[in-house]
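Peer 1: Model the structure of this input:
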Amino acid sequence: MPNKDFYAILNVSKDASEEDIKKSYKKLALLHHPDKNQGNDEACDKFKEIAEAYSVLGNKEKRNQYDLMGSVDDTFQGEDPFSVFNSIFKQHMGNFMNMRYENNINVDNIFNNIPGMAGRDFNFGNIGIKVHTFPTSIFELNQEDEYIEDDFAPNISSIFGNFMNKKFKEKEKVKTEILYNKPDDIIYNINVSFADIYNLKKKKVIITRDRKKDGIYIQKKKKLEIPIYGKEILLEGEGNEVKNYKERGNVIINIFNKKDINFKRINEYDMLAYKDIEINQLYSAFVYDLVLPHGKVIKVQTEIMKDFMLQRINKNGLPYMDEDDNLCYGNLYVLYKIKLPKKFEDLKNIQEYVESANIDEKYEIAYNCNIDEIFNE
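Peer 2: Take a look at the predicted model:
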């Protein structure tokens, strides 16, 4: 359905004030009200359209959303156009319903204006009359006001009250149906190993959701094959189809990692590994083999340790696909743990560490880094 131009419907500009919007609505609503246009379906539709436009532009939050998106989530679903009309004119009606009127009237003049009664002398003369109109049950009643001042007031109020109640009961016959936006999400939790993530394996999942078929709602199953390197997968519109909801729900699949004693997932796609080293290796660069969760062995060349016993090996973390569907990798962080001598005397026997690296082999460089890098989340 194309978006409606609510500003054009109310005949106002996009920078119109709240007061201008309300004034335009009042004018158009009175012009197209069904009571003034009985039997005119076009006027009735126009009345509903005007109410729909005002329900959005007359609400600051909805108007901001409409100006930004060109639509709102629940524009006018289920809202009675007469309730919009009544809410605007309620204050004016309330003033009329609590109005005092006092004057002298000549009854002879009234009867002389009735056909066949002119020229007769009834000798009624002038009669003083006081009228105080009062609220009916459709408005909020102020219990502190005294509304009945003489015997004539109850008759006037009863006639007016019955008329108003009849009018509003007629409006209650309008059938409305409330439509909601989306039903609740369906949540699935799955556990995967780091080895499967590194190997770019996919996980088969069977989801069950409600679908409408031949006018009834039945459960249907669907098999999915999903990548598992993310922490969460959102499947829009794959959830339940429910009565009185405009859209289908979503499916959310939460991906949890199985526990690994040697590796830990940090940030989004980075990994943290632990490595024991000798105390004399703190003062020299050294090399070692590191086995990743899926069995791949990488040869690591370290820098000389500095403030923190933490180093970063670039692009050896978990795999993922970027926005352009390119395969990328997070970083691998290594936290070193020193194997301390059992006795203080043994410190005297520690010799300088000398690395005998094979220059023909390819090494992954472990760079010194700050511990703040592993707490990006």
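Peer 1: dump the residue contacts of Lys14.
Peer 2: Contacts of Lys14 were listed using C-beta atoms under 8 Å, 6 or more residues apart in numbering, and they are Tyr7, Asp67. Any C-beta I mention is one placed from the backbone N, CA and C, and that applies to glycine too.
Peer 1: Show me what Leu310 bridges to in the sheet.
Peer 2: Per DSSP bridges, the residues bridged to Leu310 are Leu335.
Peer 1: Test for you: state the pLDDT assigned to Phe96.
Peer 2: Looking at Phe96, its pLDDT stands at 46.
Peer 1: How about Phe344?
Peer 2: The predicted local confidence for Phe344 is 75.
Peer 1: so what's it up against?
Peer 2: Applying C-beta under 8 Å, 6+ apart, no residues contact Phe344.
Peer 1: and it, how far is that from Asn189?
Peer 2: As judged by C-beta to C-beta, to the nearest Å, Phe344 and Asn189 stand 51 Å apart.
Peer 1: now swap in Gly239 and tell me
Peer 2: Distance from Gly239 to Asn189, by C-beta to C-beta: 16 Å.
Peer 1: What of Asn349?
Peer 2: Counting by C-beta to C-beta, the gap from Asn349 to Asn189 is 53 Å.
Peer 1: before we move on, what about Asn280?
Peer 2: Distance from Asn280 to Asn189, by C-beta to C-beta: 47 Å.
Peer 1: Next: Lys62.
Peer 2: When Lys62 is compared with Asn189 (using C-beta to C-beta), they lie 37 Å apart.
Peer 1: More neighbours: which of those two?
Peer 2: A count of neighbours by other C-beta atoms under 10 Å puts Lys62 above the other of Lys62 and Asn189, at 17 against 9.
Peer 1: Only alpha carbons, please: show stretch 191-205 as PDB.
Peer 2: In PDB, the C-alpha atoms belonging to stretch 191-205 read as follows (Å, rounded to 0.1, in the frame of the first residue of the first chain):
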ATOM      1  CA  ASN A 191      26.100 -25.100  20.800                       C
ATOM      2  CA  VAL A 192      29.100 -25.400  18.400                       C
ATOM      3  CA  SER A 193      32.800 -26.100  18.800                       C
ATOM      4  CA  PHE A 194      35.600 -23.700  17.900                       C
ATOM      5  CA  ALA A 195      36.900 -26.400  15.600                       C
ATOM      6  CA  ASP A 196      33.700 -26.400  13.500                       C
ATOM      7  CA  ILE A 197      33.800 -22.500  13.300                       C
ATOM      8  CA  TYR A 198      37.400 -22.500  12.100                       C
ATOM      9  CA  ASN A 199      36.500 -25.200   9.600                       C
ATOM     10  CA  LEU A 200      33.600 -23.000   8.300                       C
ATOM     11  CA  LYS A 201      31.100 -25.800   8.900                       C
ATOM     12  CA  LYS A 202      27.400 -25.100   8.700                       C
ATOM     13  CA  LYS A 203      24.700 -26.300  11.100                       C
ATOM     14  CA  LYS A 204      21.500 -27.900  10.100                       C
ATOM     15  CA  VAL A 205      18.500 -26.700  12.100                       C
END
